[in-house]
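S.K.: Below: sequence and its predicted model.
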Amino acid sequence: MPNLAITTLPWDLVPGDPFLSDDGVAYAFERVDPDGVVYLRARINSGHGDLLVTGSDGMPRRPICEELLELISEGMLTRVVPRPLDINAQDRRKIDANGEQARALDEVCDFRIQMLRALDDALQHDNQSRSDRQLEAFIAKCLRKKEIGRLPGAWKCSPATLRHWWRTRGTEGSRRTSDGISSTGRSPKARKINHPVEIIAYWSSKAVASRAPTLQIIREYRAELDDINNGRPLHRFRAEIGEGGVWSITRETVVYEKPTSPYLPMSQDAFYSLVRTMRSKKSYAIETSAKGARQRYEGGGFSETPSRIGVLGQIDDTPVPNLFLVDDDTSIPLGGATLTLMIDTVSRLLIGWDLSWEHASTNTVLRTVLHSNRPKYFPATLSHFVEEHTETELEKIRKQALTWGYRVSRLLGDNLTGYHSREVEDALLDATISHEFTEKHRPRAKPHVERVLGTLQQMLFKRLPDSRFDSELAQRFGYDPDVQVLCTLKKARELLDMACIIYNTTRHDGLDGKQPSLVHQEHLCRYRVPGIVDEAILKRALMRGQKDVEVDNSGVRVFGQRYSEAGKTSKLIEDHERCIRKRCNHGGPDQKRFVRSHKRKMAFKVRIKYDPDDLGAILVWNPHVLPQGEWVKLRCVNQSMIGRPQWLHERILELAKQAADRHLDKTTEDRLHAALQREITNVTDRSSERNIRDHAKAMDTPHVAKSLQNWIEVRNEDWSVNRSSPEERYSGDLAEYEAEESALSPIDVDLTPRKDGLNASPRPRRRRSANTEDRQSEKRRVSVAKKRDETSENKPSQTKRRRYGGLAWKDIV
């Protein structure tokens, strides 16, 4: 049986001939092997591999010639005809392309062309008349010819129509579409202006690159033409055109002579049109920034979508511009909050969210990840929904929300500092979550969560009362509770819970009209999703640490509060005391002895951790618990600290300080305490005398004198006093003035002794001049000669002065 396999392609291909797939990927032909395997390579920077097909075994492989032809016949692959190298061939192809475009614009152009050619020939050779009677016979004669009568759109036209075609046809060098030639987009249109092109090239390109409005550039352009028409000098550099029509700015001042006829500016509409054609991604980056150009022009791209839920999650945050308040009691302004969202890429389900007072940081990321692992509870505010609808629908949503908490295997986040912190990476690794980052300034790398952020802004925060009253307006005009209607942070978090649950149960266009909760439920019936087993890892990562905090029998005092619990505090003291005893039993001359005394207060330095969002409890590290230590939780004695964030506590302390200052200022308190101490000291005359005597003895010590010898008083000069100059005071005797100046300079009288024992002050080091090669060689010869002449006999008796004040390494050590 003969071998019918196709091992060659029906085209004469050379390496590099282009092919284009239906999804826009360009391939280049490389070769065809003897067994019929075709090699089509993709571009290096395209992000795609070579053209492969799936074999019968399910593995990718290169196509053979028969499979490649099948792809082309099905329209999945197109052969792009390369541009011919011959100039004449390029012109012929251009004419063919023009003809194809002309036929697409006018279907009867071929019939019209043949009729006009026949009419020209008859007018030239047969003395044809253009009257109606003569043209009717001529049209009937032409239609009987096969090459004319069988053309597409052939019909018996009237003599008036034929005369109209003959009068309105194109001329040589100016063809029209009706002539079968289309110059649309191929013939450059000459634009005429009344002044040199350099002027419009300079100002139009400046309008593209400048942030100023185009109208402002037009005014400067008109002002320059007016300066040229009146012979005034110009104050700008000249633009010149180089090879390939590329313009550049030189460092030469532009000079134009006064024209005989004034230059007229081009119209404003034409200037705007020219500037619009010049705009590009590069010019927009020059006008704004590279980030703005990417945001404006770069779009699309490939977004990874796994086949099941729980594989890839996306997290992002955005500042909420609204001004919130902490609670209705204190009415403390909070400022702009930060919204952080985390979604599942497959189901588009919101699995974690957080609304915090602070900026995007480690805590906002970890809180969102921790919230994504927990079940979502139905808000109590939606319970009133039962009165209007059936309880079955609410129960269905309530049960579904309990399954909206799981752990994703991979988490894609921004390239921000908060996501790059060591605490985030360590906590996610401990929770078995792989952390991935997008490129810098590439929000389209995670488009799903970016879209959800905008949806929630429109859905909730921009609908709040006085939503446009942001922090900037509050700082500028102040906050009046009677005028502005603002939302508290607690209420905003409740509204966010409602909005996220409603979003998860709303139809999504990207899911073919399904709800994210429905897609999540469908995947949950087929797959199982894991959860974070040990949430304490994330909780400890959320906390902040503080060292060298003292703990005693009353507990730990920090933030102006006391943290203690019965049993736990006593065990902390016992463990630290026991370990100190063990260390003291080692013995040795340098070992400190542990003195047990009932009068001694047991206090030890410990390390603590606290949650900045809740100062109601702290964690104290006890390293003396086997095998690896233990974190001991101590609650605050003050019950009002439960649930209070650190920033609010600091704000309350600040407000309390302001209230205390208004009640009684600090100076009055100091005066009252000073008066009490003065009365205690002067109980009797004898006690007063003894206090004075003891004070005098304490001052008469060298330590007091040494401590105060460098303290001086600095007074502001009294410029109201009329001071005379030294020349007026000592106009006769200058020596008297110099003597007074020396007497007023204690530094010259009492010098600090030098460490090297020399009394002379160090001389200033002279700057070395640049030594040439001849001077260096001469200096080297002179120094060598001096060394040879010096012996023990002619060596100078005085010690040479050492440089740098005589300091050596032994003096420094």
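M.R.: Sure, I can see it. Residues are numbered from 1 along each chain as shown.

S.K.: pretty sure residue 368 contacts residue 355?
M.R.: No. Here residue 368 does not reach residue 355: they are 10.1 Å apart, not a contact under C-beta atoms under 8 Å. (Each C-beta comes from the backbone N, C-alpha and C, glycine too.)

S.K.: Need the overlap of contacts for those two.
M.R.: Applying C-beta atoms under 8 Å, 6 or more residues apart in numbering, one finds that residue 368 and residue 355 are jointly contacted by residue 340.

S.K.: What's the local residue count around residue 398?
M.R.: Number of residues near residue 398 (other C-beta atoms under 10 Å) recorded here: 16.

S.K.: is residue 342 in a bridge, and if so with what?
M.R.: Beta-bridge pairing of residue 342, defined through DSSP bridges, involves residue 315, residue 352.

S.K.: Count the neighbours of it for me.
M.R.: If you count neighbours by other C-beta under 10 Å, residue 342 ends up with 25.

S.K.: List the contacts of it.
M.R.: If a contact means C-beta under 8 Å, 6+ apart, then residue 342 has 313-315, 350-353, 368-369, 371-372, 411, 449 as its contacts.

S.K.: out of the residues you listed, which one sits closest to residue 516?
M.R.: Distances from the contacts of residue 342 to residue 516 were compared by C-beta to C-beta; the smallest belongs to residue 350, at 7.4 Å.

S.K.: Got phi/psi on the closest one?
M.R.: Recorded main-chain torsions at residue 350 are phi -80, psi 110, according to degrees, to the nearest 10.

S.K.: In terms of helices and strands, where is the closest residue to it other than its chain neighbours?
M.R.: If the residues on either side of it in the chain are set aside, residue 350 comes closest to residue 500, at 4.8 Å by C-beta to C-beta, 6 or more residues apart in numbering. For residue 500, the element it lies in under DSSP states H and E is helix 489-504.

S.K.: Residue 9 too?
M.R.: Going by DSSP H and E, residue 9 is not in any helix or strand.

S.K.: again, but for residue 676
M.R.: Residue-wise, residue 676 maps onto helix 666-681 under DSSP H and E.

S.K.: re the thing from before, filter the contacts of residue 342 to the buried ones?
M.R.: In the contacts of residue 342, burial by neighbour count holds for 313-315, 350-353, 368-369, 371-372, 411, 449, counting by 16 or more other C-beta atoms under 10 Å.

S.K.: Tell me the one among those nearest to residue 393.
M.R.: Compare each of the buried ones among the contacts of residue 342 with residue 393 using C-beta to C-beta and the shortest gap goes to residue 350, at 19.7 Å.

S.K.: contacting residues around that closest one?
M.R.: The contact partners of residue 350, taken as C-beta under 8 Å, 6+ apart, are 341-343, 404, 452, 500, 503-504, 516.

S.K.: out of these, what pair is the most spread apart?
M.R.: Farthest-apart pair in the contacts of residue 350 is 404 and 452; separation 14.4 Å (C-beta to C-beta).

S.K.: How is this protein partitioned into domains?
M.R.: Per automatic domain parsing, the structural domains of the chain span 18-79, 101-179, 197-294, 313-537, 544-585+602-644, 647-680.

S.K.: follow-up on the earlier one: may I see the contacts of residue 350 arranged in a markdown table, with distance to residue 398 and pLDDT as well?
M.R.: What follows is the contacts of residue 350, written out as a markdown table (distance: C-beta to C-beta, whole Å; pLDDT from 0 to 100):
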| residue | distance to residue 398 | pLDDT |
| --- | --- | --- |
| 341 | 22 | 93 |
| 342 | 21 | 93 |
| 343 | 21 | 93 |
| 404 | 11 | 89 |
| 452 | 22 | 90 |
| 500 | 14 | 92 |
| 503 | 16 | 92 |
| 504 | 13 | 92 |
| 516 | 16 | 92 |
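
S.K.: By neighbours, which of these wins?
M.R.: Counting neighbours by other C-beta under 10 Å, the top entry in the contacts of residue 350 is residue 343, with 28 neighbours.

S.K.: who's in contact with residue 511?
M.R.: Taking C-beta under 8 Å, 6+ apart as the criterion, residue 511 is in contact with 347-348, 519.

S.K.: Apply 7 Å and report the result again.
M.R.: Neighbour list for residue 511: 348, 519 [criterion: C-beta atoms under 7 Å, 6 or more residues apart in numbering].

S.K.: Tell me how far it lies from residue 406.
M.R.: When C-beta to C-beta, to the nearest Å is the yardstick, residue 511 and residue 406 sit 19 Å from each other.

S.K.: For residue 607, which three-state class applies?
M.R.: Here residue 607 takes the strand state, with states given by DSSP: H, G, I helix; E, B strand; the rest coil.

S.K.: so where's the stretch 601-750 of the chain uncertain?
M.R.: Across the stretch 601-750 of the chain, residues meeting the criterion (pLDDT under 70) sit at 718-750.

S.K.: residue boundaries of the helices in it?
M.R.: Residue ranges of the helices in the stretch 601-750 of the chain, as given by DSSP state H, counting those that start in this stretch, are 646-663, 666-681, 685-699, 702-708, 726-729, 734-743, 746-749.

S.K.: Select, out of those, the one closest to residue 556.
M.R.: Ranking the helices of the stretch 601-750 of the chain by distance to residue 556, with C-beta to C-beta as the measure, places helix 646-663 first at 15.7 Å.

S.K.: Show me what the helix holding residue 676 is packed against.
M.R.: Contacts defined by 3 or more C-beta pairs under 7 Å, 6 or more residues apart in numbering; DSSP states H and E place helix 666-681 against helix 685-699.

S.K.: Name the residues that touch the helix it packs on?
M.R.: Contacts of helix 685-699 (C-beta under 7 Å, 6+ apart): 681-682.

S.K.: what is the orientation angle of that helix with helix 666-681?
M.R.: 110 degrees (axes from the mean of the first three to the mean of the last three C-alpha atoms, to 10 degrees).

S.K.: In CSV, could you pull the C-alpha coordinates for helix 685-699?
M.R.: As requested, C-alpha coordinates have been extracted for helix 685-699 and formatted as CSV (Å, rounded to 0.1, in the frame of the first residue of the first chain):
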residue,chain,number,x,y,z
ASP,A,685,13.7,77.0,113.2
ARG,A,686,16.1,74.2,114.0
SER,A,687,15.0,72.0,111.1
SER,A,688,15.3,74.9,108.7
GLU,A,689,18.9,75.7,109.9
ARG,A,690,19.8,72.0,109.6
ASN,A,691,18.4,71.9,106.0
ILE,A,692,20.5,74.9,105.0
ARG,A,693,23.6,73.4,106.6
ASP,A,694,23.2,70.1,104.9
HIS,A,695,22.6,71.8,101.6
ALA,A,696,25.8,73.8,102.0
LYS,A,697,27.8,70.7,102.7
ALA,A,698,26.5,69.0,99.6
MET,A,699,27.4,71.9,97.4
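
S.K.: Centre of the chain to it, how far?
M.R.: For helix 685-699, the separation from the chain centroid amounts to 68 Å (computed by C-alpha atoms, centre = their mean, to the nearest Å).

S.K.: Kindly report the same for stretch 228-236.
M.R.: 45 Å.

S.K.: likewise stretch 252-270?
M.R.: 44 Å.

S.K.: and if you look at stretch 632-649?
M.R.: Using C-alpha atoms, centre = their mean, the distance from the centre of stretch 632-649 to the centre of the chain it belongs to is 36 Å.

S.K.: list the buried ones in that stretch?
M.R.: Taking 16+ other C-beta under 10 Å as the neighbour-count basis, stretch 632-649 is seen to contain the buried residues 632, 634-636, 641, 644-646, 648-649.

S.K.: Pick the one among these closest to residue 394.
M.R.: Using C-beta to C-beta, the buried residues of stretch 632-649 come closest to residue 394 at residue 645, 32.7 Å.

S.K.: buried sites along stretch 275-293?
M.R.: Neighbour-count burial for stretch 275-293 [16+ other C-beta under 10 Å]: 275, 283-285, 287, 293.

S.K.: and for it, what are the contacting residues?
M.R.: Residues contacting stretch 275-293 (C-beta under 7 Å, 6+ apart): 204-205, 207-211, 214, 296-297, 441.
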